[in-house]
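Undergrad: Quick one, what's the 3D model for this:
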Amino acid sequence: MRSTKPPGIHLFEHVQGNPLSVRSCQTLVLILTFFSYASYHAARKTTSVVKGVLDPKTSNIGLLHSPRFLYLDKCHISEKHVVLYGGWAPFDSRDGTGLLGDIDLAFLAIYAIGMFFVGHIGDRVDLRILLTVGMVGAGLFTAAFGVGYWLNIHSFYYFLGIQLIAGLFQSTGWPSVVAVVGNWFGKRKRGLIMGIWNAHTSVGNISGSLIASALLKFGWGWSFLVPGVIISLFGLMVFLFLPASPEAIGTEDDHLKEPGNNETVTPLLEGQADVAEKAVGFTEALRIPGVMPFALCLFFCKLVAYTFLYWLPFYISHTAIGGEYLSDSAAGALSTLFDFGGVLGGILAGHISDRLDARALTAASFTFAAIPALFFYHICGSISLYWNIILMLITGMLVNGPYALITTAVSADLGTHSSLRGNSRALATVTAIIDGTGSAGAAIGPLLTGYISAKSWTAVFTMLIVAALIAGMLLSKLVMAEVSAKVEAWRSAPVGDRFVSSVEEA
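TA: Presented below is the predicted three-dimensional model:
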């Protein structure tokens, strides 16, 4: 389906009397997609912050050393609600932690399933409309979860159903924004550019944590309502102003020319203009070399990353740091440092992979380095707040680095693979396959954590370490191929030129 011109741009051009330049459209696309996907993550992050309020008990989560009386002064009943820190039925029961894990599973499972269908649809419809529907729907059902606070709803199936539908709408985000950015930007320094752009994930997590934490004192319902409103408002902005592709603002030949430059700005999805393209099917996309190894690697990378996303504030609030326990709001704020580390990791991984021209080697190196980081965070993070902060930043950088690289630059590389013979209508499908497979891991990690943490948090971190090890090993064949290619290229180069290229690149 041909992309249509957004009404906001149409009105702006009518008032100005001139069309928007390519540079202006690219800037607009980067800004809108950045904040749009940040709002997706802000909306889904709230659950992790509110967990400690819904299920405040500590006797059955593997923290037998935690004195239960620390929470007694927080438990009180108002005339209308079970207030704030007293727990919320049914999550304050003996099985409450497991129920919260089931809620996470419901959301992430439907999110992963929806991702495959959305990717298939995204290559066939106007991405601006798809994003708008997804964002407004996600906002409505995020807010609906919080409405349960004011309506005094205690039915597990109400919250389960809300999360199922919210997960479906959330699945529209990633394949759509990657495809839109792919339509507008070339391949030069793709890893670095998309690594910086991918900071929206961490920005969303940070803002979601801070907003939810700040609103807890007014009642946990506000922690869902406000992010729901925010993502809906950004959905309206997308509808009004997002040009999904160059053709949405006019003929490509006219608008892909930079002012004062005779060269055409090549979009990421460069192809043969004279070929009538047909959207790539699911099976054909699976056969693209590298898709399955990276998809399976992302399964385990997101298992680790999303366990932190959904359980880190809960873990912090129920772990003595320097001999003291933090409040739920303080734990939510502290957990944002993991995402700050993630921003650095995404940018660093993208830059390194560009310089080395080795995506698999970079991703595998980060995942293997994450293993000792996870170990030391669990063992030493409780020594003091200082050690917790430092180790959390390092762990966030190493865990989110390969996750960011695979979901952005790697997906874009594979979506424009030479085996597609110039077909530009594959990026959303390839992105959906990779991130959809990863999202299955994202669903399993938090679910297992809900049950394993009832026995021991040491067992949870053992699970995360094993997952990181498997993620790195899945890329071993691709890493060997990249290293072999580099060694062969170095050997075949003249002796005097072996070090010249590296100096020129620097």
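
Undergrad: so where do the helices sit in the stretch 51-200 of the chain?
TA: Here the stretch 51-200 of the chain has its helices, by DSSP state H, counting those that start in this stretch, at 96-122, 127-150, 156-170, 173-184, 190-197, 199-215.

Undergrad: CSV please, covering those and showing mean neighbour count and mean pLDDT.
TA: (C-beta placed from N, C-alpha, C; glycine too.) Output for those, formatted as CSV (neighbours: other Cβ atoms under 10 Å; pLDDT from 0 to 100):
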stretch, mean neighbour count, mean pLDDT
helix 96-122, 23, 83
helix 127-150, 22, 96
helix 156-170, 20, 95
helix 173-184, 27, 84
helix 190-197, 23, 71
helix 199-215, 24, 89
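
Undergrad: Next up, phi/psi of the closest residue to Gly52 other than its chain neighbours, please.
TA: Using Cβ to Cβ, 6 or more residues apart in numbering and skipping the chain neighbours, the partner closest in space to Gly52 is Asp328 (3.9 Å). The phi and psi values for Asp328, taken as degrees, to the nearest 10, are phi -60, psi -40.

Undergrad: So which residue is smack in the middle of this protein?
TA: By Cα atoms, centre = their mean, the chain has its centre lying nearest to Thr201, at 4.8 Å.

Undergrad: dump the residue contacts of Ser245.
TA: Residues in contact with Ser245 (Cβ atoms under 8 Å, 6 or more residues apart in numbering) are 3, 127, 180, 183-184, 267.

Undergrad: Now with 7 Å, please.
TA: Taking Cβ atoms under 7 Å, 6 or more residues apart in numbering, we find Ser245 in contact with 3, 183.

Undergrad: Quick check on it: phi, psi?
TA: Dihedral angles (degrees, to the nearest 10) for Ser245: phi -160, psi 170.

Undergrad: cool, Leu475 as well?
TA: Here Leu475 shows phi and psi, under degrees, to the nearest 10, equal to phi -100, psi 0.

Undergrad: Give me the distance between it and Leu296.
TA: Noted for Leu475: a distance of 9 Å to Leu296, by Cβ to Cβ, to the nearest Å.

Undergrad: of these two, who's got more company?
TA: When Leu475 and Leu296 are compared for neighbours, Leu475 comes out ahead with 26 against 18, by other Cβ atoms under 10 Å.

Undergrad: OK, contacts around the more buried one?
TA: The contact partners of Leu475, by Cβ under 7 Å, 6+ apart, come to 293, 297, 360, 363-364.

Undergrad: With respect to Leu464, which of these is nearest?
TA: Cys297 (15.0 Å; Cβ to Cβ).

Undergrad: which element is that closest one on?
TA: For Cys297, the host element (DSSP states H and E) is helix 291-317.

Undergrad: Run the chain-centre distance for whichever helix or strand comes after that helix.
TA: Proceeding N to C from helix 291-317, the next assigned helix or strand is helix 328-334, under DSSP H and E. Relative to its parent chain, helix 328-334 has a centroid offset of 21 Å by Cα atoms, centre = their mean, to the nearest Å.

Undergrad: Look up the closest residue to the residue nearest to the centre of the chain, ignoring the ones flanking it.
TA: Closest residue to Thr201 apart from its sequence neighbours, by Cβ to Cβ, 6+ apart: His41 at 5.5 Å.

Undergrad: repeat for Gly134
TA: Thr172 (2.7 Å).

Undergrad: State the distance from that neighbour to Gly114.
TA: To Gly114, Thr172 is 8 Å away according to Cβ to Cβ.

Undergrad: can you check Thr33 too?
TA: Distance of Thr33 to Gly114, given as Cβ to Cβ: 19 Å.

Undergrad: how near is Phe338 to Leu344?
TA: From Phe338 across to Leu344, the span is 11 Å (Cβ to Cβ).

Undergrad: ok, these two, which is more surrounded?
TA: Phe338 (27 against 19).

Undergrad: Okay, and that one sits in which element?
TA: helix 336-356.

Undergrad: Output that helix as CSV, nothing but the C-alphas.
TA: Taking C-alpha atoms only, helix 336-356 is exported to CSV below (Å, rounded to 0.1, in the frame of the first residue of the first chain):
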residue,chain,number,x,y,z
THR,A,336,17.1,3.4,35.7
LEU,A,337,20.9,3.2,35.9
PHE,A,338,20.7,-0.1,34.2
ASP,A,339,19.1,1.7,31.2
PHE,A,340,21.7,4.4,31.3
GLY,A,341,24.3,1.7,30.9
GLY,A,342,22.2,0.3,28.1
VAL,A,343,22.4,3.6,26.2
LEU,A,344,26.2,3.5,26.4
GLY,A,345,26.2,-0.2,25.4
GLY,A,346,24.0,0.3,22.3
ILE,A,347,26.2,3.2,21.0
LEU,A,348,29.4,1.4,21.8
ALA,A,349,28.4,-1.8,20.2
GLY,A,350,27.2,0.0,17.1
HIS,A,351,30.4,2.0,16.8
ILE,A,352,32.7,-1.0,17.3
SER,A,353,30.7,-3.1,14.8
ASP,A,354,31.1,-0.3,12.2
ARG,A,355,34.8,0.0,12.7
LEU,A,356,35.4,-3.8,12.6
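
Undergrad: pLDDT weak spots in the protein?
TA: Across the chain, the ranges flagged by pLDDT under 70 are 1-2, 57-86, 186-192, 251-282, 412-413, 415-428, 495-506.

Undergrad: For Val291, which residues are in contact?
TA: Applying Cβ under 7 Å, 6+ apart, the residues near Val291 are 285, 414, 430, 433-434.

Undergrad: ok, so of these, who is nearest Gly396?
TA: Nearest member of the contacts of Val291 to Gly396, counting by Cβ to Cβ, is Ile434, at 21.5 Å.

Undergrad: With adjacent residues omitted, what lies nearest to Phe12?
TA: Closest to Phe12 by Cβ to Cβ, 6+ apart is Leu20, at 7.2 Å.

Undergrad: before we move on, the earlier item: are there helices or strands packed against the helix or strand where the residue nearest to Thr201 lies, and which ones?
TA: Taking DSSP H and E as the definition, one finds His41 inside helix 22-54. Other helices and strands packing on helix 22-54, by 3 or more Cβ pairs under 7 Å, 6 or more residues apart in numbering; DSSP states H and E, are helix 127-150, helix 173-184, helix 199-215, helix 222-241, helix 291-317, helix 328-334.

Undergrad: Am I right that the residue nearest to Phe12 is in contact with Ile249?
TA: Yes - counting by Cβ atoms under 7 Å, Ile249 is a contact partner of Leu20 at 6.2 Å.

Undergrad: Of those two, which one has the most company?
TA: Taking other Cβ under 10 Å, Leu20 and Ile249 do not tie; Ile249 has more neighbours (23 against 19).

Undergrad: thinking again about what came up before, which of the helices of the stretch 51-200 of the chain sits closest to Val460?
TA: When the helices of the stretch 51-200 of the chain are compared by Cβ to Cβ, helix 96-122 sits nearest Val460, at 11.4 Å.

Undergrad: Pull up the gap between the nearest residue to Arg44 once chain neighbours are set aside and Leu54, please.
TA: By the measure of Cβ to Cβ, 6+ apart, the closest residue to Arg44 outside its immediate chain neighbours is Gln170, 6.2 Å from it. Using Cβ to Cβ, Gln170 is found at 20 Å from Leu54.

Undergrad: Also Ile352?
TA: Going from Ile352 to Leu54 by Cβ to Cβ gives 40 Å.

Undergrad: what about the helices in the stretch 401-506 of the chain?
TA: Going by DSSP H, counting those that start in this stretch, the stretch 401-506 of the chain shows helices at 411-415, 427-452, 457-474, 476-492, 500-505.
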